[in-house]
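A.B. asks: let's see this in three dimensions:
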Amino acid sequence: METERIRYIYQITNLVNGKTYFGQRTRSLKYTSSLADMYWGSGVLLKKAKEKYGLENFEKKIIIEGHFSKEQINRFERCIIRIQRFIGKAEYNLADGGDGGDTSRFIDYSSIERSENISNAMKEAYKEGKIKPRGWTFHKGMKGKHQSDDAKEKIRKAQSGCKNSQYGKHRSEETKKRIRTALARDYKAEYKELYEAFLDHVLSSDEKRLFAKKYNIAYDSINRVLRQFI
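C.D. replies: Below is the predicted model of the structure:
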């Protein structure tokens with residue numbers, strides 16, 4: 001029965017700065033007490049703090065324990081965290097308690113450090129063979145392939161006359177000039193840094209935004225530019 005399990009809520013305190021973390025835990029009955037259960041939380045901020053200060057600078061104590069149901073312990077945890085936040089504590093808690101929560105709102109997606117971490121992790125994963133390249137970046141499409149005359153004719157008919165999105169439209173001389181200039185660009189030279197980064201690894205969305213800002217081009221144009229290198 002679920003009520004036979006021992007569940008408890010614990011408090012972890014940083015002895016250096018006094019910051020706290022509150023969490024819940026279901027312990028094995030092999031432990032004689034909840035303090036004997038050497039679990040010290042898995043919160044993101046708490047983990048970073050333990051790496052910085054060392055586990056020896058933290059203290060753990062039990063707030064409440066008993067044969068509670070999952071619903072009861074969730075309710076207790078949310079209530080305790082709410083009260084602690086009211087008095088300025090629970091600094092290491094990102095979620096509201098009770099089966100965790102959505103912590104994505106605390107992530108700085110524009111962080112260059114985060115982008116670099118993702119990039120480095122992707123490099124290592126590719127080197128170790130844990131993941132394989134996928135998506136348009138490495139997709140060769142029709143490169144090296146040839147369509148049959150029948151397929152070409154079907155495409156021609158599907159895109160001819162009023163079925164063509166450009167049917168009845170005329171480009172101005174200025175537009176034609178811009179297109180000719182764009183087609184004549186030496187993308188590899190103009191976007192050398194982007195090209196080299198592309199060869200090195202799969203670009204994250206954050207990296208693409210940085211390059212778009214640096215070269216003063218639209219974010220969606222990054223993919224168009226990179227296609228020139230395939």
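A.B. asks: okay, helices next: where are they in this protein?
C.D. replies: For the chain, helices defined by DSSP state H occupy the ranges 44-53, 70-86, 112-127, 149-158, 173-183, 187-190, 192-200, 205-214, 219-227.
A.B. asks: lowest average confidence across those helices, which one?
C.D. replies: For those, mean pLDDT drops lowest on helix 112-127, to a mean of 64.
A.B. asks: can you give the domain ranges for this structure?
C.D. replies: 2-105, 110-141+176-230 (automatic domain parsing).
A.B. asks: mean neighbour count, these: which tops it?
C.D. replies: Highest mean neighbour count among the domains of the chain (mean count of other Cβ atoms under 10 Å): domain 2-105, with a mean of 15. In this view, the C-beta of every residue, glycine as well, is placed from N, C-alpha and C.
A.B. asks: circling back to that earlier point, of the helices of the chain, which approaches Phe22 most closely?
C.D. replies: helix 70-86 (5.4 Å; Cβ to Cβ).
A.B. asks: distance check, Tyr215 against Gly88.
C.D. replies: Tyr215 is 45 Å from Gly88, where distance means Cβ to Cβ, to the nearest Å.
A.B. asks: then stretch 193-206 to CSV, C-alphas only?
C.D. replies: Provided in CSV are the C-alpha atoms of stretch 193-206 (Å, rounded to 0.1, in the frame of the first residue of the first chain):
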residue,chain,number,x,y,z
GLU,A,193,33.3,33.0,-39.4
LEU,A,194,29.8,31.6,-39.9
TYR,A,195,31.0,29.1,-42.5
GLU,A,196,33.8,27.8,-40.2
ALA,A,197,31.5,27.5,-37.3
PHE,A,198,29.1,25.5,-39.5
LEU,A,199,31.8,23.1,-40.6
ASP,A,200,32.8,22.6,-37.0
HIS,A,201,29.4,21.7,-35.5
VAL,A,202,25.6,22.0,-35.9
LEU,A,203,24.7,25.5,-35.1
SER,A,204,22.2,26.1,-32.2
SER,A,205,19.4,28.5,-32.6
ASP,A,206,21.2,30.9,-30.2
